[in-house]
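Peer 1: please work out how this folds:
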Amino acid sequence: MAYPVETRERFIKLRKKGLSYSQIAAETGINKKTLLAWGKKMNTKVTGMESEKIIHMLKTHIQKRRQQLEQTLIALNCIAQEIEGWDLNRLNLKSPRDVQKYLKRRKQNILMEYDSAITQEISDKNDSSRTIQPDDRQRT
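Peer 2: Numbers count the residues shown, from 1 in each chain. The predicted structure follows:
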């Protein structure tokens, strides 16, 4: 599909502003592969971006990655605490696949318990906050 010159010029401007190919694709509705091909032809790679924008993008990426790693570490610590109390002979966990299946079942049970507790809490709040209105009384 041939695009008008104005569309390609807009692509260049957006690229120079620092938008990624994915962001430009979302904004313009043009397929990302098409934009990548235009980028190769027009040599509009990151060279149009200012170094401050690049540094900011890198810092943001590093910060997000650090948060992801911290969350992973928390999850691993929870798993380690869970595993410490295991009696492998009693649980009959002989292979990594058995451990994986057990963890999946355990996760499902924990999520169901959590959902049940939240549902109960919401129900309790609704019951305690409900007041009897004159229209709610039974008429005799």
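
Peer 1: lowest average confidence, helix or strand, in the chain?
Peer 2: Across the helices and strands of the chain, mean confidence by mean pLDDT, DSSP states H and E is lowest for helix 88-91: a mean of 69.

Peer 1: mind listing what's buried along the following helix or strand past it?
Peer 2: Sequence-wise, the next helix or strand downstream of helix 88-91 (DSSP states H and E) is helix 96-129. Within helix 96-129, the residues that count as buried by 16 or more other CB atoms under 10 Å are Y102. C-betas here are computed from N, CA, C, even on glycine.

Peer 1: pLDDT averaged over helix 96-129 - what is it?
Peer 2: Across helix 96-129, the average pLDDT comes to 77.

Peer 1: roughly how far does the spatially most central residue of the chain sit from D98?
Peer 2: Using CA atoms, centre = their mean, the residue of the chain that lies closest to the mean C-alpha position is Q68, 10.0 Å off. To D98, Q68 is 28 Å away according to CB to CB, to the nearest Å.

Peer 1: do the same with Y21
Peer 2: 44 Å.

Peer 1: now K17
Peer 2: 53 Å.

Peer 1: cool, T7 as well?
Peer 2: 56 Å.
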